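1. Model the following, please.
(chains A, B, C and D)
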Protein chains: 2
Amino acid sequence: MTVDQLSTVFGALADPTRRAILARLAEGDLAVRDLAAPFPVSQPAISRHLKVLEGAGLISRSRRATARLSHLEAEPLREATAWLARYQAYWDERFEQLDELLAELQRRPEPAAAGTPTKVKKARKAEKKEGRTQR
Amino acid sequence: MTVDQLSTVFGALADPTRRAILARLAEGDLAVRDLAAPFPVSQPAISRHLKVLEGAGLISRSRRATARLSHLEAEPLREATAWLARYQAYWDERFEQLDELLAELQRRPEPAAAGTPTKVKKARKAEKKEGRTQR
DNA sequence: GTGTTATGGAACCGTTTGGTTATTGAAGCA
DNA sequence: TGCTTCAATAACCAAACGGTTCCATAACAC
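-> You can find the predicted model right below:
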């Protein structure tokens, strides 16, 4: 999967309507008409969302009578997950964080303090690349 | 995490430059100047990317001297992964698919055939909600 | 054929995005 | 007090997005 395929997939997932469509398709293939029903938007709008999803490889389509069924294709989701998995290590390293914060505090007065006001609770990770940072 | 927080996170991830920024921050906190260096875009453009990432909660920021350090916050990535995990079951259900396709072929002449030309290899999942589909 | 149903396409519109250059601001240093 | 450095903001622009309405088309049902 190229860089821009990933961008296309994440872009497709960045819309709540499209995520809801995928969620419904997880229960089985559906026609446009049925997909559109729960949403407060026009049918052409849904058709365009489906086009985006198809462009990202997240659905495939087939015809049955006048209806066009959409079918979930999960492979791009697997690849998106694979990309995210690289960061799995970063969302539960709390132990060393505390240690490193203490070491940090001893090294210099201003320990790269709080970020967003709503997230002050969290200990900061020490900068492993400090030399490069202040070149 | 609300619906639109997820949208914001996926939206932030839908840009290769921003994903590259996150990848570099995984190795340690960096200043804007250092983050901007590898990219063929101006410093204000990077600053705006950082603003998007901060808005999605994917980074937090702190000041050290004149530099402003960005720090990776992996929590939203965890939540995005949690959302994607719901589909994990769909990317390796090959056995039953084959069975269901055979049953499908017996039920009606046109078995909801191939979707995108490049993906014909994959067997289609039977429509569990068929009754609802053709209402 | 004619009508009906389901869907895609065209044209349009306001908002957002991603980029630019130029300017401003804030923190150290002479 | 300046001067320099790092980064944010402002103003602008073209392209993409998400929605609309109106129309065209495709497949079935008389």
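
2. drop to CA atoms for contacts and neighbour counts, all remaining ones
-> Noted.

3. Double-check that residue A:44 belongs to a strand.
-> No - going by DSSP: H, G, I helix; E, B strand; the rest coil, the assignment for residue A:44 is helix, not a strand.

4. so where is chain A shaky, pLDDT-wise?
-> A:1-3, A:92-135 (pLDDT under 70).

5. Show me the domain layout of it.
-> A:3-83, A:93-125 (automatic domain parsing).

6. Would you mind giving the ones you listed as JSON lines with mean neighbour count and distance to DNA strand C added?
-> Shown next, in JSON lines, are the domains of chain A (neighbours: other Cα atoms under 10 Å in any protein chain shown; distance: least, Cα to the nearest atom of the strand, whole Å):
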{"stretch": "domain A:3-83", "mean neighbour count": "19", "distance to DNA strand C": "3"}
{"stretch": "domain A:93-125", "mean neighbour count": "14", "distance to DNA strand C": "9"}
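
7. and residue B:73, which of the ones you listed is closest to it?
-> Closest approach to residue B:73 among these is made by domain A:93-125 (9.4 Å; Cα to Cα).

8. Chain A: helices as residue ranges?
-> For chain A, helices defined by DSSP state H occupy the ranges A:3-13, A:16-25, A:32-36, A:43-55, A:75-85, A:95-107, A:130-133.

9. So for residue B:59, which of those helices sits nearest?
-> That would be helix A:75-85 among the helices of chain A, by Cα to Cα, at 15.1 Å.

10. how about that closest one, does it reach chain B?
-> Yes - among the residues of helix A:75-85, A:75, A:77, A:78, A:81, A:84, A:85 lie within reach of chain B under Cα under 8 Å from any Cα of the partner chain.

11. by contact count, what packs against that helix?
-> helix A:3-13, helix B:75-85 (3 or more Cα pairs under 8 Å, 6 or more residues apart in numbering or on different chains; DSSP states H and E).

12. Just the CA trace of it, in PDB.
-> Extracted C-alpha coordinates of helix A:75-85, given in PDB (Å, rounded to 0.1, in the frame of the first residue of the first chain):
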ATOM      1  CA  GLU A  75      -8.400  -5.300   3.600                       C
ATOM      2  CA  PRO A  76      -7.600  -1.500   3.600                       C
ATOM      3  CA  LEU A  77      -8.800  -1.400   7.200                       C
ATOM      4  CA  ARG A  78      -6.300  -4.100   8.000                       C
ATOM      5  CA  GLU A  79      -3.600  -2.100   6.500                       C
ATOM      6  CA  ALA A  80      -4.600   1.100   8.300                       C
ATOM      7  CA  THR A  81      -4.600  -0.900  11.500                       C
ATOM      8  CA  ALA A  82      -1.100  -2.200  10.600                       C
ATOM      9  CA  TRP A  83       0.100   1.400  10.300                       C
ATOM     10  CA  LEU A  84      -1.400   2.400  13.600                       C
ATOM     11  CA  ALA A  85       0.100  -0.700  15.300                       C
END
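
13. what angle separates that helix from helix B:75-85?
-> 150 degrees (axes from the mean of the first three to the mean of the last three Cα atoms, to 10 degrees).

14. just to revisit the earlier point, would you mind giving the domains of chain A as JSON lines with distance to residue B:51 added?
-> Shown next, in JSON lines, are the domains of chain A (distance: least, Cα to Cα, whole Å):
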{"stretch": "domain A:3-83", "distance to residue B:51": "17"}
{"stretch": "domain A:93-125", "distance to residue B:51": "12"}
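
15. Which of those sits closest to DNA strand D?
-> The closest of those to DNA strand D is domain A:3-83. By Cα to the nearest atom of the strand, the value is 3.5 Å.
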